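In: From the sequence below, what's the structure:
(chains A and B)
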Amino acid sequence: MPELSARAFQILVSLAPVPMHGYAIRQEVEARTDGAVRLWPATLYGTLAELAEDGLIQETASPEGPDDDPRRRYYALTPAGRSALRAEAARLEALARLARTRLALAEAGA
Amino acid sequence: MSRRGGRSGAVRLARDVYRRASVLLPREFRNRFGEELEVCFAAIARDARDRRGRLAVAWVTLRSVLDLVARAPRQHLAGARAGALGSGSGSGWGAGWRDVRQAARRLRRRPSFTVASVLTLGLGIAAATSVFSLVYGVVLSPLPYPDPGRLVVVDHGGSGLGIDRGLGVTYGFYRFYREHARQAQAMALYHRTALSLSGRGGPRRVQATEATPSLEKVLRVQPELGRWFTAAEGRPGAAPAAVLSHRLWEERFGGSPDVLGRTVRLDGRPVPVVGVMPASFAFPSPETAVWLPRVVPAAGIGGWNEHAVARLRPGATAASFGRELSGLLPLLRRDNDDPARVTEYLDHAGIQPRIVSLKQSVVGDVQSTLWILLGTVGLVLLIAVANVANLFLVRAEEGVRETAVRTALGATRLRLAWGFLAETLLLTGSAGIVGVGAAAAGIRILRASAPVNVPRLGEVGMDPVVLAVALATCLAAAVLLGVIPTLRPMRDLSGTLREGGRRSTTGRTRLRGRSLLMATQVALALVLLIGAGLLFRTFRSLRAVDLGFSTRQALTFTIGLSETSYPTEADFLRFHRELVGRLAALPGVEAAGAVGNCLPLTEGMCWGETLQAEGFPRPEGAVPPVTGMRLATPGYFRTMGIPLRGRGFRSGDGASRGPVVVLSQAAARAYFPGVDAVGRRVRVSGDTAWATVVGVARDVRSKAETDEFERVLYQPIAAVARGAKARPMAYVLRTVVPPTSLIPVVRRAVADLDPSLPLAQVETLRDRIDRATAPTAFALTLIGLAAAIALLLGAVGVYAVVAYAVSQRTVEIGVRLALGARPADVLRLVMRQGGVVVGTGIAAGLVAAAALTRLMTGMLYGVHPFDPLSYVALTALMLGVAALALWFPARRAARLDPQEALRSN
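Out: Below is the predicted model:
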């Protein structure tokens, strides 16, 4: 499984609990990262297109029902996206564990 | 309310900006996400406005547009990737980029085709670029002075003298024009001279120019150090001053700024240095090492052959300035204090001003040669393009099924053209890099090998204009190459698809394109060959021309005595008599002589006068022909090998008994028509004493390429006039050993007499003549080289076309052989079909050559532009080479094994 880009990872994290539209993803990511990650429109939709191309996300019906703005499109994780996010989380976990172990070893040695 | 309206207006404006910017994204992406993108951006903008105000809207807009710009290329690439997997249609940038990458892959798959094309085109581009740089630097680029279009040369011609132009100006005319002409902003008088510069490393002969202080106002170039001459330094009796060239400053003073106020010794006289000109300043020539003030006498009219340049006022033209000066001339009679000379100049000689632009005057005759050279390399470039186009046609036909399939799948004609164009752009781009690199080297070679009389050589180089033209050439070649293969495959799409992979015969339409290119190549190569042949014949005639004297085993050099070291006539005579005597006595020297002013074949004007012949009065009003005046030592005629009727000079001539002279045959014919001039008397117009003609010398050519024999009056050296003695004497030594081996002994002999005296132009007589033929040799070398390349490329082109045709007809030939045709029949068949094309090319080439070589008339000597020998011999050469190029593939066809050939399908 190829590594996910930081942006793709953030988008998948946003979409994990519930389908969202583009602007909501942007707001969620910005709030969650305290403004450190800002997805500007072209990059946001470019990344969404790539994720859709790779089969990790797909368009879905509006959870708000037919009263919602028809121009808004909602995206949800596919099973492949879910497992990709899981694999990425595991990879990051392993990396974090490795880093912590090394740091502990260095501190013990010192 | 208004505040709120303004705010929503800001968002609307931002949204509009973003929508417009989004066209940078690929169309597919916009179709899919465009609306959302805009909605999302609008939400961001509104959010920014509500929380932080209008300025924040501007900021998020800027940030979002930057994001869009940065993201767009990636999106195009993604589109291309997706498209590559898809149907193969697609459009926009992504598709275009994909075509480029496919083109690169196609080229990589055929390294020999690619390398051959790049080298062929590169060669053509290199040749065209280097020669264009020469034409641009010498002819096209403006002169390196501010507002150069307003600079003109004031020249004169004399209808009564039969001299249309080239007399230059006299200081009297200059002074008069300067005072009265209104259309000139500034005018300057100058003349070139040579001085002896003493210092470290012994005395040296340097080129100097004496110019009026006004030259700075005319050319508007400032010294890089110090100053130019002040007006006071141009007045009689002023203290001397010198301005050095950048090069001399570096050579003699190590480029040190404290040169100002120091002195240089010129002709033995200390002269303070007041300034240094910038390295780029090359007026009147790059060799000029020193400028001195030209003091214009307040009275008198002066002699010809000085030069004047002027800067015109805005609005004035060379023609209007010429009319103004002509109109002023009658005033000169009243204005000048030498009315007799003025009358002679205006009434007898018919002097009229001739104004030409400075550029025209600097570039002069050489430009026609350069344009012809450019035309020549242009032809080579065309042949190269034709060759590569040929290779492309072959390639296009190999890819014809691919083209047909893609067309059937809906690729547009434009899209296919772009695919070919991408390929040719890559090829010509690479060829351009190769070509410009080679041209940079070529320009250096051209600059080093161009004859000395090509002006402005220092300004030739790889500058932006030359690069731009090289780029344009590449683009033109790319378009030409890209268009050729797309023209035809469209027409017979269905036919090609039906035909499938079967290739029994080659379609006639397909061969027609290549045959046309092949014939064109043959024609162009023949034109170049004939041009080179005519030049070769010219060169041969120039070398074989009878100059009137013998050039075998002769050494020449020039000596100029300064007036400070040799103040009197007697000093001058003593020195030259002594030196001739010593040189003649050197072992290895057969004879020695010297001639005043002008040795045959040297550049520069000789002193001319009109004569009167006793007993042959001129009709009233007729101007006697101008005759060159030369001083000769007694041994001169023998040393040069010039035969005489009567006698030459003896050592006592000119001093004791009455004055004697020797006339050239041309002068004798002009003044004593129909009678023997020996024993008769002549005198220089204005002189009182008659001189006896003791001999008539055979005519000597002053320039190899002119048919005119100069009229010359030789005077014995003892008859030297005061004004003549500062002029240099040219020495000639006839030797029995190799002439150059004597140079050290000759130098020693001169140094024994005067250690501070420099020798100038030390060379063999043969070398001096070679220098005179150098321009022809230069043109011949370049055109010869171009013709050789053209012949080679033409042969390769013929070979490639015929070899390809044979390979395409393998089955057909196999069938013929199987049905009983003999190999000789096949050989004849192929040769005949190729021969028709070659013959057409040769016929077209002969017609084109006949039309084009007429342009060369000015470059030819001793050979007619329609010289039958050149035409016949070079046509035969072209035929022979083409036949060889035909024969190889024809023989291969004849040797085909019919069974193999039939199976090859």
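
In: separation between B:Ala103 and chain A?
Out: 26 Å (CB to the nearest CB, to the nearest Å). All C-beta atoms are positioned from the backbone trio N, CA, C, and that covers glycine.

In: List, one by one, the residues from chain A near chain B.
Out: Contact residues, chain A versus chain B (CB under 8 Å from any CB of the partner chain): A:21-23, A:26, A:40-46, A:48-50, A:53, A:69, A:71-73.

In: number of nearby residues for the nearest residue to A:Leu51 once chain neighbours are set aside?
Out: Excluding the flanking residues, the one nearest A:Leu51 by CB to CB, 6 or more residues apart in numbering or on different chains is A:Ile57, at 4.6 Å. By other CB atoms under 10 Å in any protein chain shown, the residues close to A:Ile57 number 26.

In: and A:Ile57, what does it touch?
Out: Going by CB atoms under 8 Å, 6 or more residues apart in numbering or on different chains, A:Ile57 touches A:11-12, A:15, A:48, A:51, A:75-78, A:81.

In: So which of those residues are in helices?
Out: Under the assignment DSSP state H, the contacts of A:Ile57 contribute A:11-12, A:15, A:48, A:51, A:81 to helices.

In: what are the ranges of the helices in chain A?
Out: Using DSSP H, helices in chain A cover A:6-15, A:22-32, A:41-53, A:79-109.

In: Quick check: bridge partners of the residue nearest to A:Leu51?
Out: Here A:Ile57 shows beta-bridge partners A:Leu77, assigned using DSSP bridges.

In: quick one: it from B:Glu35, how far?
Out: Counting by CB to CB, to the nearest Å, the gap from A:Ile57 to B:Glu35 is 19 Å.

In: so how many other residues sit close to the residue of chain B found nearest chain A?
Out: Here chain B gets closest to chain A at one residue, B:Asp67, 3.6 Å apart by CB to the nearest CB. B:Asp67 has 20 neighbouring residues, counting by other CB under 10 Å.

In: which residues touch it?
Out: A:40-43.

In: which two in those residues are spaced the farthest apart?
Out: Spatially, the most separated pair among the contacts of B:Asp67 is A:Pro41 and A:Thr43, at 7.3 Å (CB to CB).

In: more crowded one of these two?
Out: A:Pro41 (28 against 19).

In: Test my guess that that one contacts B:Ala42.
Out: No. Shown here, A:Pro41 and B:Ala42 do not form a contact pair, counting by CB atoms under 8 Å, at 9.6 Å.

In: ok, how many other residues are close to the residue in chain A positioned nearest to chain B?
Out: Taking CB to the nearest CB, chain B has its nearest neighbour within chain A at A:Trp40, 3.6 Å off. Residues near A:Trp40, counting by other CB under 10 Å, number 21.

In: And it, what's its pLDDT?
Out: Looking at A:Trp40, its pLDDT is 91.

In: Let me know the secondary structure of the closest residue to it other than its chain neighbours.
Out: What sits nearest to A:Trp40 in space, not counting adjacent residues and going by CB to CB, 6+ apart, is B:Asp67, at 3.6 Å. Secondary structure assignment for B:Asp67 (DSSP: H, G, I helix; E, B strand; the rest coil): helix.

In: quick one, phi/psi of the residue minimising distance to the centre of chain B?
Out: When CA atoms, centre = their mean is applied to chain B, the residue found nearest the centroid is B:Leu370 (4.2 Å). With angles defined as degrees, to the nearest 10, B:Leu370 sits at phi -70, psi -40.

In: What residues does it make contact with?
Out: Contacts of B:Leu370 (CB under 8 Å, 6+ apart): B:131, B:134-135, B:138-139.

In: mind putting those residues in CSV, secondary structure, neighbour count and pLDDT included?
Out: Formatted as CSV, the contacts of B:Leu370 follow (DSSP: H, G, I helix; E, B strand; the rest coil; neighbours: other CB atoms under 10 Å in any protein chain shown; pLDDT from 0 to 100):
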residue, secondary structure, neighbour count, pLDDT
B:Val131, helix, 26, 86
B:Leu134, helix, 27, 85
B:Val135, helix, 19, 86
B:Val138, helix, 21, 84
B:Val139, helix, 18, 83
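
In: need those residues in TSV with distance to chain A, can you?
Out: Converted to TSV, the contacts of B:Leu370 look like this (distance: CB to the nearest CB, whole Å):
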residue	distance to chain A
B:Val131	50
B:Leu134	52
B:Val135	50
B:Val138	54
B:Val139	53
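
In: and which of the residues you listed is nearest B:Ala519?
Out: B:Val131 (25.6 Å).

In: show me the contacts for the closest one.
Out: B:370, B:373-374, B:376-377, B:446, B:782.

In: do B:His576 as well
Out: For B:His576, counting by CB under 8 Å, 6+ apart, the contacting residues are B:594, B:633, B:717, B:729.

In: How about the last one, nearest residue that isn't a chain neighbour?
Out: Distance criterion CB to CB, 6+ apart; nearest residue to B:Met729, sequence neighbours excluded, is B:Ala594 at 4.5 Å.

In: per-residue confidence at the one you found?
Out: 88.

In: which SSE is B:Val115 in?
Out: helix B:111-135 (DSSP states H and E).

In: Next secondary structure element downstream of that helix?
Out: Counting by DSSP H and E, the next helix or strand C-terminal to helix B:111-135 is strand B:151-158.
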